[in-house]
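**Q** Fold the following, please.
(one chain, ligands or ions: 1)
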Amino acid sequence: MFFLDNRSTCSSNLNTNCPVDIKPILYIILAMECNIEANLKHCNCTYEPCARKGKCCECISYHLAMNELPACCFPDDIEKTYDRSFARFAEFYKKK
Ligand code: SF4
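**A** Here you go, the predicted structure:
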């Protein structure tokens, strides 16, 4: 069992500037055991030097702190532009 008060180093990433209270979501993610290999099978990120690949808790914390979303929130053609902003996300899904 993985307890919330016994989180890994990811806990330092919980302080974001995101206007939405994302902590409950992040606590759920952090409580899960990390399965990097399985996560990588669903990762569409093309930014190769990133050390957060497959570490979804670090990935989402990093992007939310910059008012962005991870690569997997975007279709491939938008992902490769590296515009991961909330505005770009809203623009795309508003058209759907
Ligand atoms: S979406 Fe961002 S943080 Fe996540 S793997 Fe790609 S570049 Fe790294």
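**Q** Near the ligand, which residues of the protein are found?
**A** The chain comes close to the ligand at residues 45, 47, 50, 52-53, 59, 62-63, 70-71, as judged by C-beta under 6 Å from any ligand atom. Bear in mind the C-beta positions are built from the backbone N, C-alpha and C, glycine included.
**Q** again, only this time at 5 Å
**A** For the chain, the contact set with the ligand under C-beta under 5 Å from any ligand atom comprises 45, 47, 50, 52-53, 59, 62, 70-71.
**Q** Now, of the residues you listed, which are buried?
**A** 45, 52-53, 59, 62, 70-71 (16 or more other C-beta atoms under 10 Å).
**Q** which element is the residue most central in space within the chain on?
**A** Residue closest to the mean C-alpha point of the chain, counted by C-alpha atoms, centre = their mean, is residue 60 at 1.9 Å. Assigned by DSSP states H and E, residue 60 belongs to helix 56-64.
**Q** avg pLDDT for that helix?
**A** The average pLDDT within helix 56-64 is 95.
**Q** The nearest residue to residue 47 once chain neighbours are set aside: neighbouring residues, count only.
**A** Counting by C-beta to C-beta, 6 or more residues apart in numbering, residue 82 is the residue found nearest to residue 47 once chain neighbours are left out, at 6.6 Å. Residues lying near residue 82 (other C-beta atoms under 10 Å) number 14.
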